[in-house]
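# sequence and predicted structure are below.
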Amino acid sequence: MGENAVSDERMLVMVPAHPLIKHWISVLRNEQTPCAIFKSAMAELGRLLIYEASRDWLPTITREIQSPVGPAVVEFIDPREPVVIIPILRAGLALAEHAPSVLPATITYHLGMCRDEETLQPSIYLNKLPDKFPEGSRVLVVDPMLATGGTIVAAIDLLKDRGVDSKQMKVISAVAAPPALQKLSKKFPGLRVYAGMIDPVVNEKGFIVPGLGDAGDRSFGT
């Protein structure tokens, strides 16, 4: 069965086996990596993961053009159907930075969410989502760390309330952990997650271990 057929029944998690993805994850993990290099590595990792996520997802149009030596029938990405990018602030901005260099047509909506360090529950401090998404919208939700799952579940719930089916969403993440993936799998059949790495543990403070620390603080030097 193809990936699309299986995804109708259950959530899929993809960890692309590419040496460059492993390289950038290694740079991000290193506590000695300076802020500027960390942010650049996050952007490069995002570029690769978005490339993989969009492989089977972009509508094309066929045209005939003239090359320097003759006519050719070619395919272009249809610019009338842009992919929606939703970075979850702050760290999602770094992971989604190069999305326009991969995807010819995008629309970006920002969603700011923070986690209470005591309860680990998310709260929204910025919501620039439209009240309703057009039918058939294809949405990439970009959240670097899927730890306890509270933030990403809350974000997807907001999108579903605005008309986006989970089968029309893909999550882009640098590092994911079992608690978040289990919550997503139970709530959102058909969702697909693209992660650079899956780590085994979330500690009592809600951080992924070994993870890469606080992705927002390390991206922006705070």
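Received, thanks.
# what's in contact with stretch 214-222?
Contacts to stretch 214-222, defined as Cβ atoms under 8 Å, 6 or more residues apart in numbering, come from residues 28, 33, 35, 38-39, 42, 89-91, 93-95, 144-145, 174, 207, 212. Placement of C-beta: from N, CA and C, glycine included.
# one more: stretch 96-106?
So stretch 96-106 is contacted by 42-44, 46-47, 50-51, 54, 58, 76-85, 87, 108, 140, 142, 172 (Cβ under 8 Å, 6+ apart).
# how about stretch 173-180?
13, 25, 28, 42, 45-46, 49, 95, 142-149, 152-153, 193-202, 208, 211-212, 215.
# now for this structure, the helix or strand with the poorest mean pLDDT.
Lowest on mean pLDDT, DSSP states H and E among the helices and strands of the chain sits helix 3-7, with a mean of 44.
# can you classify residue 86 as helix, strand or coil?
Judged by DSSP: H, G, I helix; E, B strand; the rest coil, the three-state class of residue 86 is strand.
# which strand residues bridge the closest residue to residue 127 other than its chain neighbours?
Once flanking residues are discounted, residue 127 sits nearest to residue 111: 6.1 Å by Cβ to Cβ, 6 or more residues apart in numbering. Taking DSSP bridges, one obtains residue 88, residue 127 as the residues bridged to residue 111.
# could you measure from residue 111 over to residue 123?
12 Å (Cβ to Cβ, to the nearest Å).
# neighbour count for those two, which is higher?
With neighbours defined as other Cβ atoms under 10 Å, residue 111 and residue 123 compare such that residue 111 has more, 23 against 13.
# wait, that one sits on residue 154?
No. Between residue 111 and residue 154 there is no contact under Cβ atoms under 8 Å: 9.4 Å.
# overlap in contacts, these two.
Taking Cβ under 8 Å, 6+ apart as the criterion, residue 111 and residue 154 both touch residue 124.
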